[in-house]
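> prediction below, plus the sequence it came from.
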Amino acid sequence: EGCEVRTPAAQGCCGALSAHAGRTEEARRLARDLIRVFEDAGTDVVVVNAAGCGAAIKEYGHLLADDPAWAARAARFAAGVRDASEWLVELGPRATRVPVELSVAYQDACHLRNGQGVVTQPRALLSGIPGLDLREVAEPGVCCGSAGIYNLLQPGTASRLGRRKAEHVRATGAEVLATANPGCAMQIRQALRGSGQEVRVMHVMELLALGLRE
């Protein structure tokens, strides 16, 4: 889509899971490391394709607000972070789209919809692929039960939420479930399998890649 993509080999974890677990100092250390790596890479924008990571990185200014040496640096870095769908919609389409004949149900990841306010962009990208039949999942603002590490800490409630989400996905009759967070993908895939149904789960960017021609 017209961008030079750099993927720094030295990058590590963004610290989201550490923050979820209350390991705040570990999360801050990981945040400083990640900021340093991308500053050294000289990138104009940092594009993230996992909603949980993106939500955490966009909060670096808050996470490091009490660190005099890093507060301004972290806020500046966070301001340049975009979800992949958010960034591509900002740029506008350049590559020719080719038909992808699939029915696709889109699942809103909570960290994307509620945490980052990114709602229309993934739908816009998917809707821009010729032949793709985009279908809405009921209760889009309701969590699937993954929620960072919630499915580990509260497995009973998380499983009930997962089954509820899986029922809504099945009701669409779609061949593919599209989402933008690995936690959601694993949670809903497991719930679907538990009900004896296999639905292919793909990232929004994987579907977009099928519909692009250089």
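In hand now; what should we look at?

> hey, what's Asp83 bridged with?
Beta-bridge partners of Asp83, counted by DSSP bridges, are Val48.

> next one: Glu136
Under the criterion DSSP bridges, Glu136 forms beta bridges with Tyr106.

> measure it to Val45 for me?
In this view, Glu136 and Val45 are 29 Å apart by CB to CB, to the nearest Å. For glycine as for every other residue, the C-beta is placed from the backbone atoms N, C-alpha and C.

> in three-state terms, how would Ala56 be classified?
Assigned by DSSP: H, G, I helix; E, B strand; the rest coil, the conformation of Ala56 is helix.

> once you drop chain neighbours, what's closest to it?
Once flanking residues are discounted, Ala56 sits nearest to Ala16: 3.6 Å by CB to CB, 6 or more residues apart in numbering.

> burial measure for the one you found, as a count.
By other CB atoms under 10 Å, the residues close to Ala16 number 24.

> over to Pro99?
When counting by other CB under 10 Å, one arrives at 11 neighbours for Pro99.

> before we move on, back to that, surely the residue nearest to Ala56 is in contact with Glu59?
No - under the criterion of CB atoms under 8 Å, Ala16 is not in contact with Glu59, lying 9.2 Å apart.

> hang on, the earlier thing: got the contact list for the residue nearest to Ala56?
Applying CB atoms under 8 Å, 6 or more residues apart in numbering to Ala16 gives the contacts 27, 52-53, 55-57, 148.

> may I ask which two of these are separated the most?
Ile57 and Gly148 (14.1 Å; CB to CB).

> coming back round to it: from the contacts of Ala16, which has minimum pLDDT?
Lowest pLDDT among the contacts of Ala16: Gly148, with 81.

> quick one, phi psi at that one?
phi 70, psi -100 (degrees, to the nearest 10).

> just the pLDDT for the nearest residue to it once chain neighbours are set aside.
Of all residues not flanking Gly148 in the chain, His20 sits nearest, at 3.8 Å (CB to CB, 6+ apart). According to the prediction, His20 has pLDDT 89.

> and His20, how far from Val104?
29 Å.

> who's more crowded, the two?
Comparing His20 with Val104 by other CB under 10 Å, the one with more neighbours is Val104, at 22 against 17.

> who touches whichever strand or helix holds the more buried one?
Val104 is part of strand 103-106, with elements assigned from DSSP states H and E. Contacts to strand 103-106, defined as CB under 8 Å, 6+ apart, come from residues 122-123, 126, 132-137, 169, 172-179, 204, 207.

> please pick the buried ones from the residues you listed.
Burial by neighbour count, 16 or more other CB atoms under 10 Å: within the contacts of strand 103-106 this picks out 122-123, 126, 132-135, 137, 169, 172, 174, 176-179, 204, 207.

> so which of those are in strands?
If you go by DSSP state E, the buried ones among the contacts of strand 103-106 have 133-135, 176-179 in strands.
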